[in-house]
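Undergrad: I would like to see how this sequence folds:
(one chain, ligands or ions: 4)
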Amino acid sequence: MTYSVKEIFLTLQGEGGQAGRAAVFCRFTGCNLWSGRSEDREKAQCQFCDTDFIGTDGPGGGKFETAENLASAIALQWPADSDSYSHRLVVFTGGEPLLQLDDALISAMHKQGFSVAVESNGTIAAPETIDWVCISPKAGTDLVQTSGTELKLVYPQPGLDPASLTALDFKHFWLQPMDGANQQDNIQAAIRYCLQHPQWGLSLQTHKLTGIP
Ligand SMILES: C[S@@+](CC[C@H](N)C(=O)[O-])C[C@H]1O[C@@H](n2cnc3c(N)ncnc32)[C@H](O)[C@@H]1O
Ligand SMILES: Nc1nc2[nH]cc(C(=O)O)c2c(=O)[nH]1
Ligand code: SF4
Ligand SMILES: [Mg+2]
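TA: Numbers count the residues shown, from 1 in each chain. Ligands and ions are numbered 1, 2, ... in the order given. This is a model prediction of the structure:
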């Protein structure tokens, strides 16, 4: 299949349980919960997105005809230093990566020596061979992927109480303050919630604090 990619870049994972780790990010084009156009935001199922995932015009973006071609483009971003080989990590995100991430691409990344992580909204089942599954549920949508490595809830979301998620099969539970107009209030609210509900930890978007991509 042909993969549509907005951008590919090396950075530090900014969020969740792998925050601080070097990773190549592959951001796929397109999402099933929003068109990505500002004029459609009010009627979208997900209205707080902080990301441009339209088109293939970002750094390293484009159309990739095969899994092997895309895997090679991702691997080229990793530092050449041989000591770093065992730490190879790719994070597939978007947009919604599970619209495109398939067994062929996961397998091609494993052949290149990469651990494979995904950031998904949980409305599409994740292939079982993914090494690190981060699910970030969205209010008013059907959660299909109810297990994984970490559940990262953008907080607060009217209509989605964290307590309704705590019985799901995840190793880690994070509250990530919603970025936007009320960010400072949202950070304080998330801190208060974590203090009272210790199953939850705080996930700050550290790449925004440091100004890296
Ligand atoms: C842009 S999304 C792409 C992956 C996938 N579509 C999803 O929603 O999980 C990457 C991460 O950013 C989070 N996110 C998006 N907008 C945000 C915002 N305004 N504040 C905090 N986190 C946000 C998402 O919940 C998700 O965990
Ligand atoms: N540094 C960095 N970490 C991230 N973790 C999740 C991201 C995403 O947009 O999916 C993201 C991102 O865009 N940048
Ligand atoms: S589901 Fe993810 S990519 Fe899609 S609009 Fe929401 S935050 Fe953005
Ligand atoms: Mg992001």
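Undergrad: buried set for stretch 76-83?
TA: Across stretch 76-83, burial judged by 16 or more other Cβ atoms under 10 Å covers 77-78. In this view, the C-beta of every residue, glycine as well, is placed from N, C-alpha and C.
Undergrad: my error: substitute stretch 39-46 in the last question.
TA: Using 16+ other Cβ under 10 Å as the test for burial, stretch 39-46 gives 44, 46.
Undergrad: just the endpoints, please. Distance across that stretch?
TA: Length of stretch 39-46, first residue to last, Cα to Cα, to the nearest Å: 13 Å.
Undergrad: touching ligand 3 at all, it?
TA: Yes. Against ligand 3, stretch 39-46 shows contacts by Cβ under 6 Å from any ligand atom at Cys46.
Undergrad: who's in contact with the helix or strand harbouring Gln188?
TA: According to DSSP states H and E, Gln188 maps onto helix 183-196. Residues from elsewhere that reach helix 183-196, judged by Cβ atoms under 8 Å, 6 or more residues apart in numbering: 155-156, 162, 175-180, 200-202, 204.
Undergrad: and which of those is nearest to Thr210?
TA: Ranked by distance to Thr210 (Cβ to Cβ), these are led by Leu204 at 10.6 Å.
Undergrad: within range of ligand 2, give me the residues from the chain.
TA: 11-15, 25, 51, 93, 119, 207, 213.
Undergrad: make a ChimeraX selection of the buried ones in those.
TA: If you want just the buried ones from the residues of the chain next to ligand 2 in ChimeraX, going by 16+ other Cβ under 10 Å, the selection is:
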select :11,12,13,14,15,25,93,119,207
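Undergrad: from the residues of the chain next to ligand 2, which land in helices?
TA: His207 (DSSP state H).
Undergrad: farthest pair in the contacts of helix 183-196?
TA: Of all pairs in the contacts of helix 183-196, the most separated under Cβ to Cβ is Gly180 and Gly201 at 21.4 Å.
Undergrad: for these two, indicate the residue with more neighbours.
TA: Neighbour comparison, Gly180 and Gly201: the larger count goes to Gly201, with 15 against 12 (by other Cβ atoms under 10 Å).
Undergrad: what's across from the more buried one in the sheet?
TA: Assessed by DSSP bridges, Gly201 has beta-bridge partners Trp174.
Undergrad: any idea how far it is from Thr11?
TA: 22 Å (Cβ to Cβ, to the nearest Å).
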